[in-house]
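# here are the coordinates; sequence isn't available:
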């Protein structure tokens, strides 16, 4: 069930992002397409209006009444065709005539909102606006005869119904085409994105898996120097995870705890075998040297950013609840939670394990020793929590084959670092194949 939910989450996330991208691109490209279509419409309307307005030039260089009547008649003819208003000015910008179609109130309102002054030069000026789903162009055009300016024509050109419908249909067709093309592209990209996402997650998973294995190998190598076995690291990590789970510690903090548990004694790589493997108590000088493994460990993990989560355990796992520990002498709840958790399980496993300098204590004796240190070495609340689960944990991994201990811990670590819910089906299948081979 969890596998299906995780697989569905990936698809849902990609679909949501593709839909958002589709909507965004459709709006952006649609706006661009609409702008370009309007520009094309403007050019079409301008060409139509200029062609008709040029017919005034033949009569602009005459000043007699007859020619004025001709101009007025031509203007009236314009109103019967595609113009709703016509104004004609002479070259001094004085108005010669004005005719307006009476029934176009909506268009007149548009004219009033876009009034502009006569141009000083000889370049056409125009403004397009829409009224009642019909496009109108307010045109201001210099009129020339033989290259000489003879006046100005100002008019509002109305596109005929058929042309207006064609323009509207063209705009709608272009916008729909843009939306469909973007949608088709998104649909085509969906399987590609899913494939690339799976490949990326697989690579990331394998990289993380390698990092975890490297962390485990490094910690185990140090543990072997100290106790002839790497299982100490496996057991304390197992105990630490289970205690953290009992306490409800967040997943990220448990990841840091796991890293710290594997690498808690990594600094012992800088301690000589004469001291590290001495079968007896340390002298004061040897204890001072042994204590330096904490600082050495902190220095080692500081070189890798992905190991910084381990620092709380590496640096503070020898602190004591009463403040008598080292290196900082922290006390009580100033000691990081992961370090307080690890201090309990580290001592517990050290007591129940055989070392070069001692035999293993029994489970019950180890519990008694821990209880005697309650409040001095250990956080009382955490020790109570561990005491409640210790019998089950101890029986689960004590006196069993090394392979069982390793496999038990590997499954537990994978739960936090290589969570199956976050891995695509292909990766899960490959991993299952590895496990069964």
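Looks like it came in fine. Owing to the predicted nature of the structure, the values given are computational and were not obtained by experimental measurement.

# mind checking the pLDDT average for stretch 230-238?
With pLDDT averaged residue by residue, stretch 230-238 scores 88.

# and the contacts of that stretch?
With contact meaning Cβ atoms under 8 Å, 6 or more residues apart in numbering, stretch 230-238 is reached by 216, 219-224, 226, 258, 261-262, 264, 342, 345-346, 349-350, 353, 393, 397, 402, 405-406, 408-409, 412-413. Quick note: C-beta positions are derived from backbone N, CA and C, even for glycine.

# those in helices, which ones?
216, 219-224, 226, 258, 261-262, 342, 345-346, 349-350, 393, 397, 402, 405-406, 408-409, 412-413 (DSSP state H).

# show me which of these are buried.
By neighbour count, with 16 or more other Cβ atoms under 10 Å, these hold 216, 219-220, 222-223, 226, 258, 261-262, 342, 345-346, 349-350, 393, 397, 405-406, 408-409, 412-413 as buried.

# return the distance of stretch 363-381 from the chain's centre.
The chain centroid and the centroid of stretch 363-381 are separated by 47 Å under Cα atoms, centre = their mean, to the nearest Å.

# that one: end-to-end distance?
20 Å (Cα to Cα, to the nearest Å).

# next: stretch 245-252.
End-to-end for stretch 245-252, by Cα to Cα: 12 Å.

# what's the answer for stretch 56-72, then?
End-to-end distance for stretch 56-72, by Cα to Cα: 10 Å.

# quick check: residue 236 is in a helix.
Yes: going by DSSP: H, G, I helix; E, B strand; the rest coil, the assignment for residue 236 places it inside a helix.

# can you get me a residue count around it?
Close neighbours of residue 236, defined as other Cβ atoms under 10 Å, add up to 27.

# got it, and the one 3 residues further on?
Residue 239 is flanked by 24 other residues according to other Cβ under 10 Å.

# what's the closest non-adjacent residue to it?
residue 345 (3.7 Å; Cβ to Cβ, 6 or more residues apart in numbering).

# all helices of the protein, in order?
Under DSSP H, the chain gives helices at 2-53, 65-80, 105-113, 161-227, 231-247, 251-263, 273-276, 284-301, 311-316, 337-351, 363-372, 380-397, 402-417, 425-436.

# residue 145 is nearest to which of those helices?
helix 65-80 (12.9 Å; Cβ to Cβ).

# pull out the buried positions in that closest one.
Within helix 65-80, judged by 16+ other Cβ under 10 Å, the buried ones are 71-72, 74-75, 78-79.

# how about stretch 292-308?
Quick answer for stretch 292-308 (16+ other Cβ under 10 Å): 293-294, 296-298, 300-301, 307.

# let's have those residues in CSV, adding pLDDT.
Converted to CSV, those look like this (pLDDT from 0 to 100):
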residue, pLDDT
293, 94
294, 95
296, 95
297, 93
298, 95
300, 92
301, 92
307, 87
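
# want to throw these into a markdown table with distance to residue 379?
Compiled in a markdown table, the buried residues of stretch 292-308 are given as follows (distance: Cβ to Cβ, whole Å):
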| residue | distance to residue 379 |
| --- | --- |
| 293 | 23 |
| 294 | 19 |
| 296 | 26 |
| 297 | 22 |
| 298 | 22 |
| 300 | 27 |
| 301 | 24 |
| 307 | 25 |
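
# and residue 331, what does it touch?
319-323.

# residue 394 too?
Contacts of residue 394 (Cβ under 8 Å, 6+ apart): 352, 363.

# ok, the residue nearest to residue 239 to residue 388 distance?
14 Å (Cβ to Cβ, to the nearest Å).

# could you do residue 86 as well?
With Cβ to Cβ as the criterion, residue 86 and residue 388 are 98 Å apart.

# more crowded one of the two?
residue 86 (26 against 11).

# list the contacts of the residue nearest to residue 239.
With Cβ under 8 Å, 6+ apart, residue 345 has these contacts: 236, 239-240, 243, 261, 386.

# repeat the analysis, applying 10 Å as the threshold.
235-244, 257, 261, 317, 382, 386, 390, 393 (Cβ atoms under 10 Å, 6 or more residues apart in numbering).

# give me the buried subset of the contacts of residue 331.
Of the contacts of residue 331, these count as buried by 16+ other Cβ under 10 Å: 319-321.

# can you list those residues in TSV and add distance to residue 91 and pLDDT?
Conversion of these to TSV gives the following (distance: Cβ to Cβ, whole Å; pLDDT from 0 to 100):
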residue	distance to residue 91	pLDDT
319	98	96
320	103	96
321	101	96
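
# what pLDDT is listed against residue 114?
47.

# can we start the residue count at 468 from this point?
That works, and once the first residue is 468, the last one we named lands at residue 581.

# okay, domains of this protein per the record?
With domains defined by automatic domain parsing, the chain comprises 469-641, 695-903.

# where does the stretch 568-717 of the chain have low pLDDT?
By pLDDT under 70, the low-scoring segments of the stretch 568-717 of the chain are 570-589, 599-600, 667-668, 670-672, 675, 693-696.

# what sits against residue 646?
489-490, 492-494, 496-497, 500.

# ok, it to residue 640 distance?
From residue 646 to residue 640 the distance is 11 Å (Cβ to Cβ).

# ok, now residue 827?
Counting by Cβ to Cβ, the gap from residue 827 to residue 640 is 84 Å.
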